[in-house]
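J.: how would this look folded up:
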Amino acid sequence: MKKCSFILITLVLLFCISSCTKNRFAIDVKDNFENVKFARFDKDLLQIDSFNIENQKAELQEVYGEFFDDYVSRVMLLGNVQDVDFNDYLLGLLADSMFLEINKEVDVVFENMTAIEEEVAVAFAYARHYFPEVETPRLATHVSGFNQSFILSKNNILSVSLDNYLGSDYAPYSQIAYEYMLSGMTKDNVAPDLVFAFLSTSFDVTPKDIDKRGHAWTLLEKMLSTGKLLYLQSIFMPNRTEAEILGFTAEEWKWCEENEKQMWQYLMENKHLYNTSSLLQSKYVNPGPCTSYFGPESTAQAVLWIGFQIIKSYMESDTNLSLQDLMNESDYQYILSKSNYKP
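T.: Residues are numbered from 1 along each chain as shown. Below is the predicted model of the structure:
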């Protein structure tokens, strides 16, 4: 009995220590909570018909503003709304059998988006608490024909392409996506991907004095600038694991933990941390089946995991550091030095 009690107490203490470290920035979201609702542009668009196209098009422009123009011209490549042939192109899209089939699947998978809306609402509450000067966007959904996942329009509408999240077993994905991409193409990934898109467009993480270097980023700066955004995301989405925040499977996360020291040594010995080659950096930070420099069994984007660990070490090195301090610090060499990162 005493042994069981000791184990229980130990577990409680470990939990408290872990929670205090992770939840230093936890807040009561009720103080800044606002309900979030996606405007279903994907559904509204399908209501257009050839008999009333001018009025219905005008109504969409009234509701969605510049987002409508961005969608038809930049995403679906239908041209400018004012073009003579635009209405024909738009009606052609709305009659396209593949486009309609994708929309049907979207209706099934995303019939209910309440859980996503609630999770994003929590993240936005955190954003309003810590960064009241940052405007949270209006949210919308669209179907892009497997094009880019997010659009941020000038009128601050952030829209997600739901057809990119229909499930890893959605048959058409096998024709258009690599196998390593499939795990991220699920409904469960919409909220974290959207929050990261919001953070990426809301915060300037440009390195200090980059103008003096011809705008050339080092690999270290790519790692730590992304690490800052991931750290914010981990705070703003407290119900997500760190692996989920980075989009890693449990196995990929474990590989990074087991090979942390070797990865860091490789980066240092090969002088890759301060390399400004875009080709070299792409092999480290772009999605893929693995990180080629670390071997075929490695985790892709593993350096972003390292960047995340460095940012965590930096924030733990001084508990007086605020999230504002983190986002305002653009000297990434200073962050590395102060973090005392030692894998």
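
J.: need the helices for the stretch 151-300 of the chain, in chain order.
T.: For the stretch 151-300 of the chain, helices defined by DSSP state H, counting those that start in this stretch occupy the ranges 173-176, 190-202, 219-236, 242-246, 250-258, 260-269, 278-285.

J.: so where do the helices sit in the stretch 1-150 of the chain?
T.: Counting by DSSP H, counting those that start in this stretch, the helices of the stretch 1-150 of the chain are 2-22, 41-45, 53-64, 66-70, 86-94, 97-109, 114-130.

J.: re the thing from before, and among the helices of the stretch 151-300 of the chain, the most buried is which?
T.: Among these, the stretch with the highest mean neighbour count (mean count of other C-beta atoms under 10 Å) is helix 219-236, at a mean of 24. Where you see a C-beta, it was placed from the backbone N, CA and C, and this is true even at glycine.

J.: list the helices and strands that one packs on?
T.: Counting contacts by 3 or more C-beta pairs under 8 Å, 6 or more residues apart in numbering; DSSP states H and E, helix 219-236 is packed against helix 114-130, helix 190-202, helix 242-246, helix 278-285, helix 302-317, helix 323-328, helix 332-339.

J.: using CSV, write out the CA atom coordinates for stretch 31-42.
T.: Coordinates of each C-alpha in stretch 31-42 appear next as CSV, following Å, rounded to 0.1, in the frame of the first residue of the first chain:
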residue,chain,number,x,y,z
ASP,A,31,-12.9,36.1,-20.7
ASN,A,32,-12.1,36.5,-24.4
PHE,A,33,-14.3,33.8,-25.9
GLU,A,34,-16.4,34.6,-29.0
ASN,A,35,-18.3,31.9,-31.0
VAL,A,36,-16.7,31.0,-34.3
LYS,A,37,-18.8,30.1,-37.3
PHE,A,38,-17.6,29.2,-40.8
ALA,A,39,-19.4,30.9,-43.6
ARG,A,40,-20.1,28.0,-46.1
PHE,A,41,-19.0,29.7,-49.3
ASP,A,42,-18.8,26.2,-50.9
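
J.: picking up where we left off before, could I get the helices and strands packed on helix 219-236 as TSV with distance to Phe150 and mean pLDDT?
T.: TSV is the format used below for the helices and strands packed on helix 219-236 (distance: least, C-beta to C-beta, whole Å; pLDDT from 0 to 100):
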stretch	distance to Phe150	mean pLDDT
helix 114-130	13	97
helix 190-202	4	98
helix 242-246	17	97
helix 278-285	18	97
helix 302-317	18	98
helix 323-328	21	98
helix 332-339	26	97
